[in-house]
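Novice: Need the 3D shape of this:
(one chain, ligands or ions: 1)
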Amino acid sequence: MKTERELHALLASLTLSEKAGQMVQQGEEHLGGTGGEITGPLRHLRLEPGTTLEIGSVLGSTGAAHIRELQARHLDRSRHGIPLLFMADVIHGYRTILPVPLAQGCSFDPDLVREGARMAAAEAAAGGVQVNFSPMCDLVRDPRWGRVMETTGEDPWLNGLFAAAMTEGYQGGPGGSLRDPETLAACVKHFAAYGAAEGGRDYNTTDLSERTLRESYLPAYRRALDAGCAMVMTSFNVVDGLPATGNARLLRTILREEWGFDGVVISDWNAIGELVPHGVAETFREAARLAVLAGVDIDMMSPCYANHLAELVIAGEVPERLVDEAVLRILRLKNALGLFDDPFRQADPEREARVVFHPGHRALARKAAARSMVLLKNDGLLPFPPDGGIVAVVGPYAVERHILGGWSCLGEDADAASLPEALAERLGAHRVLAAAGCGIEGDDLDLAAVERVVSAADRVVLAVGEHPGMSGEAGSRAAIGLPGRQEALCRAVFALGKPCAVVLFNGRPLDLRSVADGAAALLEAWFPGTEGARAAADLLVGDASPRGRLTMGFPRSVGQVPIHYNHFNTGRPRTGGADDYFCSGYQDLPSDPLFPFGFGLSYTQFSYGDLRLDRPVLDPAGCLAVSVPVTNIGSRPGSELVQLYIRDLCGSVVRPVRELKGFQWVDLAPGETTEVTFAITEPMLRFHGADLRYASEPGRFLALVGSDSLHLQEKEFVLSQDRR
Ligand code: GLC
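Specialist: The predicted model follows:
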């Protein structure tokens with residue numbers, strides 16, 4: 001490890017061009033490589049051919065032998081001998097692919113998510129990756145936006161829990177060290193408020209008040225940084241009139257001065273170059289000046305810093321001090337990763353072969369997938385009885401196996417079983433029939449084969465959904481129903497009269513009105529990763545019980561969006577009474593979602609007793625206990641997620657009708673009862689008041705406890721005046 005003094009000496013030894021090079025990230029083709037994943041448009045790269053600029057980091061390369069070769073080639077040519085940083089998107093697994101993050105969030109299990117991140121880091125680090133562009137914790141309220149797949153949902157506090165868990169998983173747990181060769185430096189993204197894109201159109205403008213930004217969109221990034229996240233990635237979108245990548249108020253005032261973050265800030269792909277089409281810079285030279293003054297340390301995949309930064313310093317338009325500060329942060333990160341002692345971080349093909357795709361990792365992926373799936377409806381069809389019956393799997397996912405989801409790094413579709421294959425492994429091939437009937441997209445609809453297998457079966461699984469490319473980056477959809485002819489297929493299969501379970505493979509909440517009524521059971525499988533089909537089979541046959549809960553509500557129609565659960569009450573809330581006409585709502589649809597935030601079923605049922613508070617008044621220095629007995633009234637063991645929400649009934653600004661503040665899992669045998677207690681404390685009641693000061697305000701509150709964001713019991717309490 002170099003000392004701070006040695007790092008300063010190394011900085012002082014660099015030429016201005018070498019300093020600027022440390023602030024440039026390109027793909028490996030800049031080093032003469034031919035691999036690496038391209039994750040954005042190449043049209044703006046425009047680095048002069050044969051540029052000899054020595055860059056500081058590489059995007060998208062993987063593989064121990066390959067990265068060792070690139071690093072060795074660089075060090076052989078480098079005058080200063082500063083190793084390259086290798087960064088990649090290991091969003092939900094490296095080769096063993098976990099469920100997409102939106103699915104992982106539905107596990108409501110931060111410990112499991114941390115374990116998955118640790119596994120992903122072990123595989124990726126063995127493969128030579130050193131920095132991971134994860135966690136993505138953008139708050140989302142619009143399922144048209146395809147990147148809802150990459151985050152954990154519509155609640156700021158929950159997103160923060162998962163962002164911290166992923167950060168700890170990648171970086172070696174609380175207090176972990178990046179010198180551990182099984183860790184990755186984490187990079188939280190996309191700072192900030194990228195998920196607020198208007199119309200759900202990716203890369204689109206956001207327009208938020210300072211209060212909404214601070215109250216709803218910033219907290220999760222802050223939690224990741226509080227957990228020690230090493231880097232921040234700026235987002236493509238505008239925040240209050242300025243693109244985040246050129247926004248000094250966001251990057252210097254809030255991120256560095258208010259929050260005290262002193263790690264590396266990297267732009268998103270060509271986001272500096274895009275300051276020109278955004279219309280805040282006339283040229284790439286001006287874009288470079290704006291970004292470095294705003295506080296961006298590394299320019300990912302644009303020509304701006306490479307071609308103009310040194311010149312801007314020489315021209316006196318950018319103080320060299322800012323460049324020195326940025327380069328020092330980059331050198332500190334390389335030092336923290338141990339690269340000055342071992343530029344390869346012990347990545348080698350032997351270790352890679354031993355670690356990557358380990359059977360234990362696949363077992364973890366299967367567990368994570370089962371925990372992430374959400375049972376949305378069950379008329380008793382599931383789990384299938386062990387009666388030897390024939391199961392017909394129909395729909396596009398009766399033959400497709402691309403269930404890994406977007407951003408699946410080195411994951412291979414071929415590694416994943418299809419749903420029929422997974423069911424055949426469990427039930428025997430003779431008991432499983434399959435026919436697609438239609439594609440995911442397109443107008444083909446072949447019912448003959450479907451009718452044949454359905455007529456020969458005792459029960460049916462409709463395996464439908466989206467293509468992985470319909471979500472993720474640039475995956476925005478204006479309509480969010482089942483694509484192609486799948487809805488027609490579902491209706492035709494329902495009409496055949498056999499009991500039918502619908503299994504969904506998708507990367508966003510969908511408009512399920514066309515299937516929810518006809519299906520006897522509805523299982524949201526998301527894009528569940530390498531072991532996802534096997535996990536779905538485990539649930540269908542009852543080897544595992546569903547316990548996922550939605551972290552993003554499913555609207556009845558895209559016309560209701562935004563329809564997030566933690567909305568304001570308005571001056572005319574609907575009460576369901578006769579005088580609802582002049583109230584906030586629709587004439588043609590109810591105002592609530594089809595399936596709300598926090599919702600999910602299991603294979604048993606639970607009953608809640610009376611909610612109790614241990615006192616009516618919360619002293620700001622004390623705590624108040626809210627308790628409820630929960631009973632398993634079904635015939636199977638099951639897990640219930642008891643959820644605590646709080647509502648501030650009157651504040652100096654309007655307050656959400658409820659906010660998730662806690663949850664507890666209880667595992668209960670049939671007939672068993674347990675008492676669930678939550679402690680409410682004053683910090684849980686804080687918010688950005690009329691003056692934007694973050695504090696609680698004395699007054700009346702509701703504690704709401706139940707099984708999801710709509711099915712709750714409530715009790716009122718008072719936060720007393722602070723007597724200190
Ligand atoms: C992409 C994505 C970002 C990703 C980066 C590097 O444009 O917006 O999430 O980490 O480029 O691949």
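Novice: Going by C-alpha atoms from here, please, whenever you check contacts or count neighbours.
Specialist: OK.
Novice: Tell me the residue of the stretch 201-350 of the chain that sits nearest the ligand?
Specialist: Trp269 (4.7 Å; CA to the nearest ligand atom).
Novice: Next one: that residue from Val100, what distance?
Specialist: For Trp269, the distance to Val100 equals 21 Å [CA to CA, to the nearest Å].
Novice: give the contact list for the most centrally placed residue in the chain.
Specialist: Note on the chain: the residue nearest the mean C-alpha position is Thr151, at 1.9 Å, using CA atoms, centre = their mean. Each residue near Thr151 by CA atoms under 8 Å, 6 or more residues apart in numbering is listed here: Pro101, Leu102, Gly105, Met136, Cys137, Asp138, Leu139, Val140, Asn159.
Novice: try Leu641
Specialist: Arg549, Phe663, Gln664, Trp665, Val666, Ser707.
Novice: Please report how far the second one lies from Ser602.
Specialist: As defined by CA to CA, Phe663 lies at a distance of 17 Å from Ser602.
Novice: what about the nearest residue to Leu375 once chain neighbours are set aside, is that helix, strand or coil?
Specialist: Spatial nearest neighbour of Leu375, excluding adjacent residues (CA to CA, 6 or more residues apart in numbering): Leu523 at 4.6 Å. What DSSP: H, G, I helix; E, B strand; the rest coil gives for Leu523 is strand.
Novice: quick one, what contacts Leu523?
Specialist: Taking CA under 8 Å, 6+ apart, we find Leu523 in contact with Met373, Val374, Leu375, Leu376, Lys377, Ala501, Val502, Val503, Leu504.
Novice: thought the last one was touching Pro528?
Specialist: Spelled out, it's Leu504. No - contact criterion CA atoms under 8 Å: Leu504 and Pro528 do not qualify, at 10.3 Å.
Novice: was I right about Leu98 contacting Ala369?
Specialist: Yes - in terms of CA under 8 Å, Leu98 counts as a neighbour of Ala369; the distance is 6.9 Å.
Novice: Need the residues touching each of these two.
Specialist: Common neighbours of Leu98 and Ala369 are listed as Pro528, Gly529, Glu531 (criterion: CA under 8 Å, 6+ apart).
Novice: how about the residue in the stretch 601-724 of the chain positioned nearest to the ligand, what does it touch?
Specialist: Residue nearest to the ligand within the stretch 601-724 of the chain (CA to the nearest ligand atom): Leu660, separated by 27.0 Å. Leu660 sits next to Asp155, Trp157, Leu158, Gln643, Leu644, Tyr645, Ile646 when contact means CA under 8 Å, 6+ apart.
Novice: of all the residues you listed, which two lie farthest apart?
Specialist: The widest separation within the contacts of Leu660, taken as CA to CA, falls between Leu158 and Ile646 and amounts to 14.1 Å.
Novice: tell me which parts of the protein are close to the ligand?
Specialist: Thr39, Gly40, Asp89, Phe133, Asp268, Trp269 (CA under 6 Å from any ligand atom).
Novice: again, 8 Å this time
Specialist: Residues of the chain lying near the ligand by CA under 8 Å from any ligand atom: 37-40, 59-60, 88-89, 133-134, 136, 189-190, 233, 235-236, 268-270, 300, 473.
Novice: from the residues you listed, which would you call buried?
Specialist: Those of the residues of the chain next to the ligand that meet the buried threshold are 37, 59-60, 88-89, 133-134, 136, 189-190, 233, 235-236, 268-270, 300, 473, by 16 or more other CA atoms under 10 Å.
Novice: Let me see the contact set for Thr52.
Specialist: By CA under 8 Å, 6+ apart, the contact list for Thr52 is empty.
Novice: before we move on, what SS does Arg371 have?
Specialist: Secondary structure for Arg371, judged by three-state DSSP, is helix.
Novice: sorry, that was for Thr551
Specialist: The three-state label given to Thr551 by three-state DSSP is coil.
Novice: What's the local residue count around it?
Specialist: Neighbour count of Thr551, defined by other CA atoms under 10 Å: 26.
Novice: Quick check, pLDDT for it.
Specialist: Note on Thr551: pLDDT of 98.
Novice: now it, nearest residue through space, not along the chain?
Specialist: Gly153 (5.0 Å).
Novice: hang on, isn't Lys377 packed against Ala520?
Specialist: Yes - under the criterion of CA under 8 Å, Lys377 makes contact with Ala520 at 7.1 Å.
Novice: any idea which of the shared contacts of Leu98 and Ala369 is closest to the ligand?
Specialist: Using CA to the nearest ligand atom, these come closest to the ligand at Gly529, 18.8 Å.
Novice: Not counting its neighbours along the chain, what's nearest that closest one?
Specialist: Distances taken as CA to CA, 6+ apart put Leu404 closest to Gly529, at 4.0 Å, once the chain neighbours are dropped.
Novice: Does that neighbour lie in a helix or a strand, and which?
Specialist: For Leu404, there is no host helix or strand (DSSP states H and E).
Novice: From the ligand, how far off is it?
Specialist: To the ligand, Leu404 is 17 Å away according to CA to the nearest ligand atom, to the nearest Å.
Novice: same deal with Asp180?
Specialist: Per CA to the nearest ligand atom, Asp180 is found 23 Å from the ligand.
Novice: so when I look at Tyr20, I'm seeing a strand, right?
Specialist: Check again: residue 20 is Ala, not Tyr. No - under three-state DSSP, Ala20 falls outside any strand and is assigned helix.
Novice: Which ones among the shared contacts of Leu98 and Ala369 map onto helices?
Specialist: Assignment to helices by DSSP state H places none of the shared contacts of Leu98 and Ala369 there.
Novice: Now render these as JSON lines, adding neighbour count and pLDDT.
Specialist: JSON lines is the format used below for these (neighbours: other CA atoms under 10 Å; pLDDT from 0 to 100):
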{"residue": "Pro528", "neighbour count": "37", "pLDDT": "98"}
{"residue": "Gly529", "neighbour count": "33", "pLDDT": "98"}
{"residue": "Glu531", "neighbour count": "29", "pLDDT": "98"}
